[in-house]
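S.K.: What would the 3D arrangement of this be:
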Amino acid sequence: MADTVKDFFANLGSKADATKTAGMSNSYVFDIEGAGQWKVDVDDGKVTVTDGGGDADVVISTTQETFEKIIAGDLNPTSAYMTGKLKVKGDMGAAMKLQKLF
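M.R.: Predicted structure coming up:
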């Protein structure tokens, strides 16, 4: 199952819509329990993904199962956050911009 999460991050840079991320300049660390950590940097439309954590505007933590439901479209990220299945630390404004990536 981890391949699904890894594939998502491996392809995120090429799948992200540059027109939707234009003007964004934020960094995110995704800490996916059971799958790994990835840092996603968004800089005016360009999305770069690197393995591992680091300093970021926002840290998003969840389980592999929850994240896979979110990327499959079976779970709304806001609902996951409200029910405690998705944890967000840092800049909430930057976190809200993440919707543009998905």
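
S.K.: When you work out contacts or count neighbours from here on, use the C-alpha atoms and nothing else.
M.R.: OK.

S.K.: Okay, and the beta partners of Thr62?
M.R.: Ile32, Leu86 (DSSP bridges).

S.K.: Pretty sure it sits against Val29.
M.R.: No: if you go by C-alpha atoms under 8 Å, Thr62 and Val29 don't touch, sitting 11.3 Å apart.

S.K.: Run through who's touching stretch 86-102.
M.R.: Here stretch 86-102 makes contact (C-alpha atoms under 8 Å, 6 or more residues apart in numbering) with 16-17, 20-21, 26, 57-63, 66, 71, 77, 80-81.

S.K.: Show me how to select, in ChimeraX, the buried members of those.
M.R.: Typed into ChimeraX, the next command selects the buried ones out of the contacts of stretch 86-102 (criterion: 16 or more other C-alpha atoms under 10 Å):
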select :16,17,21,26,57,58,59,60,61,62,63,66,77,80
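
S.K.: show me where the chain has helices.
M.R.: Assigned by DSSP state H, the chain shows helices spanning 2-15, 18-21, 64-72, 77-82, 92-97.

S.K.: out of the ones you listed, which comes closest to Lys46?
M.R.: helix 18-21 (6.4 Å; C-alpha to C-alpha).

S.K.: residues touching Phe30, list them.
M.R.: 37-40, 53, 59-61.

S.K.: How much space separates the spatially most central residue of the chain from Ser14?
M.R.: Here the mean C-alpha position of the chain is nearest to the C-alpha of Phe30 (C-alpha atoms, centre = their mean), at a distance of 5.5 Å. In this view, Phe30 and Ser14 are 18 Å apart by C-alpha to C-alpha, to the nearest Å.

S.K.: thinking again about what came up before, in TSV, list the helices of the chain along with distance to Val49.
M.R.: As requested, the helices of the chain are exported to TSV (distance: least, C-alpha to C-alpha, whole Å):
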stretch	distance to Val49
helix 2-15	6
helix 18-21	14
helix 64-72	16
helix 77-82	20
helix 92-97	16
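
S.K.: So which of these is nearest Val47?
M.R.: Here helix 2-15 is closest among the helices of the chain (C-alpha to C-alpha), at 4.9 Å.
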